[in-house]
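In: here is my input; please provide its structure:
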Amino acid sequence: MIPRFAKFLLVLFFVPYASGEVVSIDNRVEVVSEQISLGDIAQILPANAQLSGVPIGYAPYPGHYRWITKPDIQDYLHKWGFDGKVQVQMDDRVLITRESQQVEPEMIEAKVRQFLSSLNPEYEISIQQLQIPDDLFLPTGAVEVSVDSPSSVTRLNGLSLKLDFYSKGERLKSQWVRVHAVAEGPVVVTKKDVPYGQMLRPSDLEVEVRQFDRLDGFFAKETDVIGSVAKRSLREGEVLTGKDLKEAILVNRGDVVTLLARGPSFVVSALGKSRDSGGRGDSVMIENLDSRQLVHATVVGNKTVEVVVAGGAK
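Out: Residues are numbered from 1 along each chain as shown. Presented below is the predicted three-dimensional model:
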């Protein structure tokens, strides 16, 4: 494909030139293309393809403008071999703008709302304020917008998001917006004061619907935290997060534990002595107090461990 300017050169060198043209330019012109030529801003009489194709640079970005002076036009004509042969009728300068569209705030808000809802489906997140620049202009045509997601989002109040605007797969512009939002949903809270180091029990907890401006690792169900240990003293009514709790040590080294041997259709229990400490799901070494055999078992409860026997008891 021959570039636009190359086509103009072919016309310039192989089409006989006719003199006496008049180039008339209004004091304000709106253009469509990113690259503009004289014919985009001027009326040329009589019509002349050579003059019309004289390149005069780039159009301003949508929402901006560019001034072109009469000496500028004369320089372009001189550069392409038309100096002294063309009459230019215009004011001292012409204001060039580009056809554009202002992005609808509703489109941006819908995309931001969709992104926020994806952060945690269990909570309803509502936008309190969305700060969008007033001068957000783009070229005309169909536009798509996407949120360039941060690696992690915890704060909803004063959250900065980068929006990317595309047309036909090509990115047109990136724009930062500032969002103030709140989330609402069920969270686990303390029903009473819980001292440091205490294991959480059902009687210590309840679920309430709360509103908050952070997504900080909240728990939606009591079963998510029962059996965990408070890493600090907790006050009544506190919303619990992962930072407040640690996994409880259910079996300590030296504890006498219940050793369960579980098969396809049976469960056998015995007493054992733990050689390790661990929390729920940890593997520990247990000495069977009857047989004195050592086995690897999984911690399943307070001072309770389990061995799964695939083929049954031996």
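In: and stretch 201-210, what's buried?
Out: Asp204, Leu205 (16 or more other Cβ atoms under 10 Å). C-beta coordinates here come from the backbone N, C-alpha and C atoms, glycine included.
In: straight-line length of it, end to end?
Out: 21 Å (Cα to Cα, to the nearest Å).
In: show residues contacting it.
Out: 184-192, 194, 198, 220-222, 225-226, 239-240 (Cβ atoms under 8 Å, 6 or more residues apart in numbering).
In: how far does it sit from the chain's center?
Out: 33 Å (Cα atoms, centre = their mean, to the nearest Å).
In: in this protein, which spans are helices?
Out: 4-14, 38-41, 49-52, 70-79, 105-119 (DSSP state H).
In: chain neighbours aside, what residue packs nearest to Asn27?
Out: Using Cβ to Cβ, 6 or more residues apart in numbering and skipping the chain neighbours, the partner closest in space to Asn27 is Asp91 (4.8 Å).
In: sorry, wrong one. I was asking about Asp193.
Out: Asp193 sits nearest to Glu236 (Cβ to Cβ, 6+ apart), 5.4 Å away.
In: what's that neighbour sitting at in phi/psi?
Out: Glu236 adopts backbone torsions of phi -60, psi 130, taken as degrees, to the nearest 10.
In: how near is it to Lys221?
Out: Distance, Glu236 to Lys221, using Cβ to Cβ, to the nearest Å: 20 Å.
In: hang on, the earlier thing: distance check, the residue nearest to Asn27 against Tyr58.
Out: Distance of Asp91 to Tyr58, computed by Cβ to Cβ: 22 Å.
In: before we move on, what about Leu161?
Out: For Leu161, the distance to Tyr58 - Cβ to Cβ - is 30 Å.
In: check Ala297 too.
Out: From Ala297 over to Tyr58 (counting by Cβ to Cβ), the distance is 74 Å.
In: need phi/psi at the residue nearest to Asn27.
Out: When read as degrees, to the nearest 10, the backbone of Asp91 gives phi -70, psi -180.
In: and the pLDDT at it?
Out: In the predicted model, Asp91 carries a pLDDT score of 94.
In: now do Pro16
Out: Turning to Pro16, the model gives it a pLDDT of 40.
In: how close does the residue nearest to Asn27 sit to Gly84?
Out: Taking Cβ to Cβ, one finds Asp91 at 21 Å from Gly84.
In: again with Pro202
Out: Distance from Pro202 to Gly84, by Cβ to Cβ: 96 Å.
In: what sits against Tyr166?
Out: Val143, Glu144, Val145, Ser146, Leu172.
In: try 10 Å this time
Out: Tyr166 sits next to Leu138, Ala142, Val143, Glu144, Val145, Ser146, Leu172, Lys173 when contact means Cβ atoms under 10 Å, 6 or more residues apart in numbering.
In: beta partners of the closest residue to Glu287 other than its chain neighbours?
Out: For Glu287, ignoring the flanking residues on the chain, the nearest one in space by Cβ to Cβ, 6+ apart is Lys273 at 4.7 Å. Note on Lys273: beta-bridge partners Val256, Glu287, judged by DSSP bridges.
In: just want the angle from the longest strand along the chain to helix 105-119.
Out: Looking across the chain with DSSP state E, the single longest strand is strand 170-190. Interaxial angle of strand 170-190 relative to helix 105-119 (axes from the mean of the first three to the mean of the last three Cα atoms, to 10 degrees): 50 degrees.
In: export strand 170-190 as PDB, just CAs?
Out: C-alpha atoms of strand 170-190 as PDB (Å, rounded to 0.1, in the frame of the first residue of the first chain):
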ATOM      1  CA  GLU A 170      -6.400   0.200  19.400                       C
ATOM      2  CA  ARG A 171      -5.800   2.000  22.700                       C
ATOM      3  CA  LEU A 172      -6.800   5.600  22.300                       C
ATOM      4  CA  LYS A 173      -6.200   7.000  25.800                       C
ATOM      5  CA  SER A 174      -5.600   6.100  29.400                       C
ATOM      6  CA  GLN A 175      -7.100   8.100  32.200                       C
ATOM      7  CA  TRP A 176      -6.900   7.800  36.000                       C
ATOM      8  CA  VAL A 177     -10.100   8.300  38.000                       C
ATOM      9  CA  ARG A 178     -10.600   8.400  41.800                       C
ATOM     10  CA  VAL A 179     -13.400   6.400  43.500                       C
ATOM     11  CA  HIS A 180     -14.900   6.600  46.900                       C
ATOM     12  CA  ALA A 181     -17.000   3.500  47.600                       C
ATOM     13  CA  VAL A 182     -18.300   1.500  50.500                       C
ATOM     14  CA  ALA A 183     -19.100  -2.300  50.900                       C
ATOM     15  CA  GLU A 184     -21.900  -3.800  52.800                       C
ATOM     16  CA  GLY A 185     -22.400  -7.400  53.800                       C
ATOM     17  CA  PRO A 186     -22.300 -10.100  56.500                       C
ATOM     18  CA  VAL A 187     -19.100 -10.100  58.700                       C
ATOM     19  CA  VAL A 188     -18.100 -12.100  61.800                       C
ATOM     20  CA  VAL A 189     -17.800  -9.900  64.900                       C
ATOM     21  CA  THR A 190     -17.000 -10.600  68.500                       C
END
